[in-house]
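Asks: Quick one: sequence and predicted model below, then my questions.
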Amino acid sequence: MFQYSAFGRWFLILISLVIISLVFWNSYAVFNNLKDNERVKMEIWTAAQREFATQDLSGTQLNLVQSIMEANTTTPMIAFNHLDSTYNYRNLDSTRISTVKKRDGLIVNFASENEPIISEYKSKVYTTIYYGNSPLINKLKYYPLLLVLIISLFVSALYFFYRTSRSAEQNRLWAGMAKETAHQIGTPLSSLLGWSEILRSEDVNPEYLNEMNVDIKRLETIADRFGKVGSLPVLHELDIVKETTESYEYLKNRTSRLVDFKLEIPDQKIPVNLNPQLYSWTIENLVKNGIDAMRGKGIIHIRMEQKGKYVYIQITDAGKGISKKNFRNIFRPGFTTKKRGWGLGLSLAKRIIEEYHNGRIRVIHSVLGKGTTMEIVMRVASLE
């Protein structure tokens with residue numbers, strides 16, 4: 001399937017390049033044909049102009065020569081008469097030749113576009129005709145670029161539609177899986193709640209029951225999280241310092257002592273519009289990824305700082321690090337560097353922070369073999 005898809009993409013790219021090349025080649029051929037025709041037309045006009053100025057014409061001949069000269073109404077030209085050193089102009093706006101400098105510049109421009117036509121009379125140079133491209137030829141020069149732009153816009157629109165529809169399909173799939181997971185967790189969770197009450201009536205050590213109830217509540221939170229995926233969560237103005245601390249304490253108490261946790265947070269409250277279940281899920285994902293990157297041993301440093309209207313939460317590990325080319329890839333669904341993993345944790349974290357909370361999550365620093373720093377940026381509620 002992957003090979004067929006890759007072949008299909010390269011085939012489409014090749015076809016697109018062939019089409020664009022044909023468009024340019026055909027336009028170039030038409031452009032050259034028009035220029036050749038323009039040259040012939042100018043040579044006929046030059047001959048007619050010479051006959052009109054040097055021959056004593058009358059009747060039909062005079063009418064024919066005049067009609068040939070008057071027929072050219074599109075080609076801009078400057079004729080220099082060598083006999084009396086004068087200039088004549090045709091099909092030109094007067095502003096383009098209002099000064100000698102402008103006129104000479106226009107002559108240079110015309111000479112670069114088309115080779116001047118030299119008219120001789122009695123073996124002497126009579127006039128030199130400098131002429132430029134007609135408006136039609138000038139428009140045709142930009143026609144291939146315009147056509148390529150239209151094709152590019154069309155292809156971009158198709159690609160955007162494809163990506164959007166594919167993303168929507170993936171979102172529906174993840175949402176369906178998440179809701180089904182929440183449903184499946186609900187059945188054994190109800191049973192655990194029942195067993196907890198039975199054990200309480202059997203005079204079991206209260207400390208054991210308390211720890212068991214903490215984990216049962218945690219399972220309820222997890223089920224609630226999965227149930228919220230795919231639907232717009234409700235946000236409340238909460239103290240992000242308190243919510244982060246609670247996530248930190250839970251993780252610290254249930255993580256190997258080989259992991260050294262460090263928490264650096266402000267003393268004052270920082271109000272932020274949050275969904276607490278989804279926010280704590282994000283923190284846990286980032287911390288657990290860091291622990292996995294360190295292979296269960298090292299330092300996890302959580303640091304929070306408010307700067308103006310925003311609060312910055314940084315989670316640093318001492319793990320294997322991330323190559324710079326994968327800074328963005330790690331947030332794509334299915335991308336993982338682990339031997340065992342679905343590659344969904346960071347993509348869900350990105351969706352939670354950026355789509356649900358209008359924040360930002362990114363890798364701000366990583367060195368291979370030394371560790372990674374992830375950063376969450378969120379707007380402070382009271383300063384909106």
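Replies: That came in fine, so what should we check first?

Asks: Could you identify the helix or strand that succeeds the helix or strand bottoming out on mean pLDDT in the chain?
Replies: The helix or strand with the lowest mean pLDDT-type score in the chain, counting by mean pLDDT, DSSP states H and E, is helix 135-201 (a mean of 70). Downstream of helix 135-201, the next assigned helix or strand under DSSP states H and E is helix 206-228.

Asks: roughly how far out does that following helix sit from the chain middle?
Replies: Distance of helix 206-228 from the chain centroid (CA atoms, centre = their mean, to the nearest Å) equals 42 Å.

Asks: quick one: contacts for the nearest residue to residue 317 once chain neighbours are set aside?
Replies: Leaving aside its sequence neighbours, residue 317 sits nearest to residue 290 (CB to CB, 6 or more residues apart in numbering; 3.1 Å). C-beta: built from backbone N, CA, C; applies to glycine. Shown in contact with residue 290 (CB atoms under 8 Å, 6 or more residues apart in numbering): 300, 315, 316, 317, 319, 372, 374.

Asks: Likewise for residue 110?
Replies: Taking CB under 8 Å, 6+ apart, we find residue 110 in contact with 76, 77, 78, 116, 130, 131, 132.

Asks: swap in residue 69?
Replies: 45, 48, 49, 52.

Asks: Type out the PyMOL command that picks the buried ones from those residues.
Replies: In PyMOL, a selection of the buried entries from those looks like this (16 or more other CB atoms under 10 Å):
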select buried, resi 45+48+49
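
Asks: which one of the contacts of residue 69 sits closest to residue 210?
Replies: The closest of the contacts of residue 69 to residue 210 turns out to be residue 45 (CB to CB; 103.3 Å).

Asks: Verify the stated contact: the closest one with residue 70.
Replies: No: Residue 45 lies out of contact with residue 70 (CB atoms under 8 Å); the separation is 9.9 Å.

Asks: And residue 74, how close does it get to residue 94?
Replies: Using CB to CB, to the nearest Å, residue 74 is found at 17 Å from residue 94.

Asks: Just want to know which of those two has more residues nearby.
Replies: It is residue 74, of residue 74 and residue 94, that has more neighbours when counted by other CB atoms under 10 Å, with 13 against 7.

Asks: which residues does the nearest residue to that one once chain neighbours are set aside contact?
Replies: Leaving aside its chain neighbours, residue 74 sits nearest to residue 134 (4.4 Å; criterion: CB to CB, 6+ apart). Residues in contact with residue 134 (CB under 8 Å, 6+ apart) are 38, 74, 75, 76.

Asks: so what's the first one up against?
Replies: In this case it means residue 38. 75, 114, 131, 133, 134, 137.

Asks: Of those - the most surrounded one?
Replies: Highest neighbour count within those: residue 131, with 26 neighbours (other CB under 10 Å).

Asks: residues contacting that residue?
Replies: Residue 131 neighbours (CB under 8 Å, 6+ apart): 38, 42, 75, 76, 77, 78, 110, 114, 116, 117.

Asks: what's the distance between it and residue 73?
Replies: Counting by CB to CB, the separation of residue 131 from residue 73 is 13 Å.

Asks: what's the answer for residue 258, then?
Replies: In terms of CB to CB, residue 258 sits 89 Å off from residue 73.

Asks: Looking at the two now, which is surrounded by more residues?
Replies: residue 258 (11 against 8).

Asks: where along the stretch 201-350 of the chain do the helices fall?
Replies: Taking DSSP state H, counting those that start in this stretch as the test, the helices found in the stretch 201-350 of the chain are 206-228, 240-253, 276-293, 345-350.

Asks: I'd like those helices as JSON lines, with distance to residue 365 and mean pLDDT appended.
Replies: Listed next are these as JSON lines, based on distance: least, CB to CB, whole Å; pLDDT from 0 to 100:
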{"stretch": "helix 206-228", "distance to residue 365": "28", "mean pLDDT": "73"}
{"stretch": "helix 240-253", "distance to residue 365": "20", "mean pLDDT": "91"}
{"stretch": "helix 276-293", "distance to residue 365": "13", "mean pLDDT": "90"}
{"stretch": "helix 345-350", "distance to residue 365": "16", "mean pLDDT": "84"}
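
Asks: Of the contacts of residue 69, which belong to strands?
Replies: Of the contacts of residue 69, none are assigned to strands by DSSP state E.

Asks: from the contacts of residue 69, which is closest to residue 348?
Replies: residue 45 (73.9 Å).

Asks: Just to be sure, residue 33 is in a helix?
Replies: Yes: counting by DSSP: H, G, I helix; E, B strand; the rest coil, residue 33 is located in a helix.

Asks: Model confidence for it, exactly?
Replies: Predicted confidence (pLDDT) for residue 33: 84.

Asks: re the thing from before, emit the ChimeraX select command for whichever of the contacts of residue 290 are buried.
Replies: The following ChimeraX line selects those of the contacts of residue 290 that are buried, judged by 16+ other CB under 10 Å:
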select :300,315,316,317,319,372,374
